[in-house]
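Chemist: here you go, sequence then predicted model.
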Amino acid sequence: MEISVSFLGGAGEIGSNCYLYETKDSAILVDCGLKFFQAEYMGIDFTIPSFEYLETIRKKLKAVIVTHGHEDHIGALPYLFKYFPIPVYAGDYALRLIKHKIAQSKYRPSSTTVVSDGDVIDIDDFTIEFIEVNHSIPNTFFLAIRHKNNQILHCGDFRVEDSPILGAPFPWERLNKMKGKIDILLVDSTNALSESEDEKESELRSKLIKIFQELKGRVFITTFSTNISRVKIIIDACLSTNRKLIIEGNSFLKNINIARDLSYISIPEDFIIPLEKIDLYEPKQLCFLVTGCQGEPNSSLAKIVNLERKKLRTMPNDTFIFSSTTIPGNEKSINKIINEIYLNKGKVIRGLHISGHANRKWLITLIKSLSPRWVIPIHGEIIHQRILEEILEKEGLSQPIFVQNGHKVTFKNNDFTIFSIPFGVTYIDQRGGFEYNDELFKEKKHLSRDGLITILYDEKNIYFDTAGFKLTNELDIKLKRYIKDNMENLKQTITNNEELKTIVTLFVRKFFKKNLDKRPVVKVFIKEDFDGNT
């Protein structure tokens, strides 16, 4: 019996993880995430996978299974439920995050089910077993997916810890029992380039405590708000050095409250203090946990260093600790923040971070311990996928399959075939709830780069209005003459106003491209249309 895996996001990119498992009669999604803020996307908050292909299999789609609660795995769910209100299965922490997200939307899944380590569920043709692994967020799972004789192991994000801050040690014993039984392994390739030695979370805690002891001023620390392991380490460091904690950022408040409710962290009374009370303490008694580790312009960190906060501004002897990796594309935004810190005589510590993703050594160890027939690298950019592919070939391990978004791999009769499926990206502007397809996003980029020209046309007069640039008198006259001269030769062949608008638009675009090397968005209106409505 054949089974296929389609890649709607997360193959060849960091983010937008979304994978579809499909048989003749059933289909399930694994994760449905967003792609993080990218500085070059002006006016775009994030992107999500297009659901165009899902429309073609709507009747087969039975559920979405969540590996863990990071935004790049759950961030697109409110948009999915808008079109496909299917059941969702997730761990308790992830499900709380999902419920918080959909509370701000009018779209809901048809049902929600909490799953735990060791649970086995049946969804039509599929049987799914949940295997909890280590990551920076609670309830991160591998999914053992079975269909007939097909055995698949889908790895969410993971790292290997024998003494983790949260949860149990990495489940080698359970995975070793699967050796030789896995046909297809989809594996996190994010850290395939990393050959650095492992650092344990307990070692990071010791480092942070030492830094807190040595610093005599205020400490500002930023990390991903869902990194509950890191938050627990920060809390431990504060308690060990008698620093009070001030939390700045709604996402931190939300995630910490969820973690407390579910008993993943405990916080002593009076340990967290409000901003209004910081003047009661010496600088060396304060630690601020702030959002903005990726340089987001509206984050608490950005507002503090840009002196936009009246009661909280960068001062000499302040130290800012970045405890996170840099997501590709965010380097400029982060560097801008760091320069502002130094401008105001603050200091910066970087590199105090442990990746939530297994390095090359552990990826090879996992693959050797499972001995799957095929390995599909996911969760990474093309370089990560290709490097892991090269390692597998060099080591003589499992056969790698290289995929990209928009691919569908079908397994049948001990072989596989790769097809293309409808694929795209949807761009989200949360202000107003706008969703842009590729065509609208291209127009948006043109607007930001080359501006807009609006033309009111009739045979006697032409009027221009621009946004984003201004025509000189000379260019105004030249453009009007250009349009009139060309229209004079064509006016006898034009049969209606829509055709007229199209031709004027083409002439204006040609003029700007040839004379100014610009491509503004062009909007043409015919004066007769307005006269007829008065």
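Modeler: Received, thanks.

Chemist: run through the protein and note the low-pLDDT ranges.
Modeler: 1, 37-42, 432-433, 489-495, 528-534 (pLDDT under 70).

Chemist: any idea how far the nearest residue in space to Lys284 that is not next to it in sequence is from Asp31?
Modeler: Spatial nearest neighbour of Lys284, chain neighbours left out: Lys216 (5.1 Å); criterion: C-beta to C-beta, 6 or more residues apart in numbering. To be clear about C-beta, it is placed using only N, CA and C from the backbone, and glycine gets the same treatment. Distance of Lys216 to Asp31, computed by C-beta to C-beta, to the nearest Å: 45 Å.

Chemist: please apply the same query to Lys412.
Modeler: 25 Å.

Chemist: more neighbours: which of the two?
Modeler: Taking other C-beta atoms under 10 Å, Lys412 and Asp31 do not tie; Asp31 has more neighbours (30 against 12).

Chemist: pull the contacting residues for that one.
Modeler: Residues near Asp31 by C-beta atoms under 8 Å, 6 or more residues apart in numbering: Gly10, Asn17, Cys18, Tyr19, Val64, Ile65, Val66, Thr67, His73, Ile74, Gly156.

Chemist: how about the first one, nearest residue that isn't a chain neighbour?
Modeler: The one in question is Gly10. Closest to Gly10 by C-beta to C-beta, 6+ apart is Asn17, at 3.5 Å.

Chemist: next: the fourth one.
Modeler: What sits nearest to Tyr19 in space, not counting adjacent residues and going by C-beta to C-beta, 6+ apart, is Val30, at 4.5 Å.

Chemist: likewise the last one?
Modeler: Closest residue to Gly156 apart from its sequence neighbours, by C-beta to C-beta, 6+ apart: Thr67 at 2.9 Å.

Chemist: burial of that neighbour, as a residue count?
Modeler: 30.

Chemist: can you check the one 10 residues further on too?
Modeler: Burial measure for Leu77: 26 neighbouring residues, criterion other C-beta under 10 Å.

Chemist: so what's it up against?
Modeler: Applying C-beta under 8 Å, 6+ apart, the residues near Leu77 are Cys32, Val64, Val88, Ile98, Lys101, Ile102, Pro109.

Chemist: surely the second one meets Cys32?
Modeler: What it means is Val64. Yes - here Val64 reaches Cys32: they are 5.8 Å apart, a contact under C-beta atoms under 8 Å.

Chemist: ok, the residue nearest to Gly10 - contacts?
Modeler: Gly9, Gly10, Asp31, Cys32, Gly33, Asp72, His73, Ile378, His379.

Chemist: where's it relative to Gly451, distance?
Modeler: Taking C-beta to C-beta, one finds Asn17 at 36 Å from Gly451.

Chemist: same question for Lys284.
Modeler: Distance, Lys284 to Gly451, by C-beta to C-beta: 52 Å.

Chemist: what of Asp429?
Modeler: Relative to Gly451, Asp429 is positioned 19 Å away (C-beta to C-beta).

Chemist: just Gln285 next, same as before
Modeler: With the distance defined as C-beta to C-beta, Gln285 ends up 52 Å from Gly451.

Chemist: ditto for Lys408
Modeler: 41 Å.

Chemist: buried ones in the lengthiest helix in the chain?
Modeler: In the chain, ranked by residue count with DSSP state H as the criterion, the top helix is helix 497-516. Residues of helix 497-516 classed as buried: Asn497, Leu500, Lys501, Ile503, Val504, Thr505, Phe507, Val508, Arg509, Phe511, Phe512 (neighbour count, 16 or more other C-beta atoms under 10 Å).

Chemist: give me the nearest residue to the last one, chain neighbours excluded.
Modeler: Think Phe512. Per C-beta to C-beta, 6+ apart, closest to Phe512 is Lys518, 4.7 Å.

Chemist: same check, this time on the third one
Modeler: Residue nearest to Lys501 in three dimensions, not counting chain neighbours: Val524, with 4.4 Å by C-beta to C-beta, 6+ apart.

Chemist: you'd agree the one you found is up against Tyr457?
Modeler: Yes - taking C-beta under 8 Å as the definition, Val524 is a contact partner of Tyr457 at 6.1 Å.

Chemist: between those two, what contacts are shared?
Modeler: Val504.

Chemist: who's more crowded, these two?
Modeler: Taking neighbours as other C-beta under 10 Å, Val524 and Tyr457 compare with Tyr457 leading, 22 against 19.

Chemist: okay, and the beta partners of the more buried one?
Modeler: Ile462, Ile526 (DSSP bridges).

Chemist: next up, the contacts around it.
Modeler: Contacts of Tyr457 (C-beta under 8 Å, 6+ apart): Tyr463, Ile483, Leu500, Val504, Val524, Phe525, Ile526, Lys527.

Chemist: which one is the last one nearest to, not counting chain neighbours?
Modeler: Spatial nearest neighbour of Lys527, chain neighbours left out: Asp458 (3.8 Å); criterion: C-beta to C-beta, 6+ apart.

Chemist: now do the phi/psi pair for the one you found.
Modeler: phi -150, psi 180 (degrees, to the nearest 10).

Chemist: tally of neighbours for Asp270?
Modeler: Asp270 has 7 nearby residues by other C-beta under 10 Å.

Chemist: any idea how far apart the tips of stretch 447-454 sit?
Modeler: Counting by C-alpha to C-alpha, to the nearest Å, you get 12 Å between the two ends of stretch 447-454.

Chemist: got the contact list for that stretch?
Modeler: 42-43, 464-469, 508, 512, 518-525.

Chemist: among these, which lie within strands?
Modeler: Phe464, Asp465, Thr466, Ala467, Val521, Val522, Lys523, Val524, Phe525 (DSSP state E).

Chemist: show me what contacts the fourth one?
Modeler: So the one you mean is Ala467. Gly451, Leu452, Thr454.

Chemist: buried subset of the residues you listed, written for PyMOL?
Modeler: Buried members of the contacts of Ala467, defined by 16+ other C-beta under 10 Å, are picked up in PyMOL with:
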select buried, resi 451+452
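
Chemist: looking at the contacts of Ala467, which is nearest Phe212?
Modeler: When the contacts of Ala467 are compared for distance to Phe212 (C-beta to C-beta), Gly451 comes out closest, at 50.3 Å.

Chemist: packing partners for the one helix or strand Tyr21 maps to?
Modeler: Using DSSP states H and E, Tyr21 maps to strand 18-22. With contacts taken as 3 or more C-beta pairs under 8 Å, 6 or more residues apart in numbering; DSSP states H and E, strand 18-22 sits against strand 3-9, strand 27-30.

Chemist: what angle separates the first one from strand 18-22?
Modeler: In this case it means strand 3-9. 160 degrees (axes from the mean of the first three to the mean of the last three C-alpha atoms, to 10 degrees).

Chemist: what's strand 3-9 packed up against?
Modeler: Using 3+ C-beta pairs under 8 Å, 6+ apart, strand 3-9 sits against strand 18-22, strand 46-49, helix 52-56, strand 150-155, strand 407-412.

Chemist: same list, the ones you listed, but as CSV with distance to Asn298 please.
Modeler: Listed next are these as CSV, based on distance: least, C-beta to C-beta, whole Å:
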stretch, distance to Asn298
strand 18-22, 26
strand 46-49, 13
helix 52-56, 31
strand 150-155, 33
strand 407-412, 36
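
Chemist: Leu301: which of these is closest?
Modeler: strand 46-49 (18.6 Å).

Chemist: touching that closest one from outside, list them.
Modeler: By C-beta under 8 Å, 6+ apart, strand 46-49 touches 8-9, 15-16, 18, 32-38, 41, 75-76, 79, 405, 424-428.

Chemist: ok, back up a step: now the helices and strands packed on strand 18-22 in TSV, with distance to Pro316 and mean neighbour count?
Modeler: Converted to TSV, the helices and strands packed on strand 18-22 look like this (distance: least, C-beta to C-beta, whole Å; neighbours: other C-beta atoms under 10 Å):
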stretch	distance to Pro316	mean neighbour count
strand 3-9	45	25
strand 27-30	50	25
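
Chemist: can you tell which of those is closest to Glu474?
Modeler: Closest among these, using C-beta to C-beta: strand 3-9, at 48.9 Å.

Chemist: I appreciate the help and will end here.
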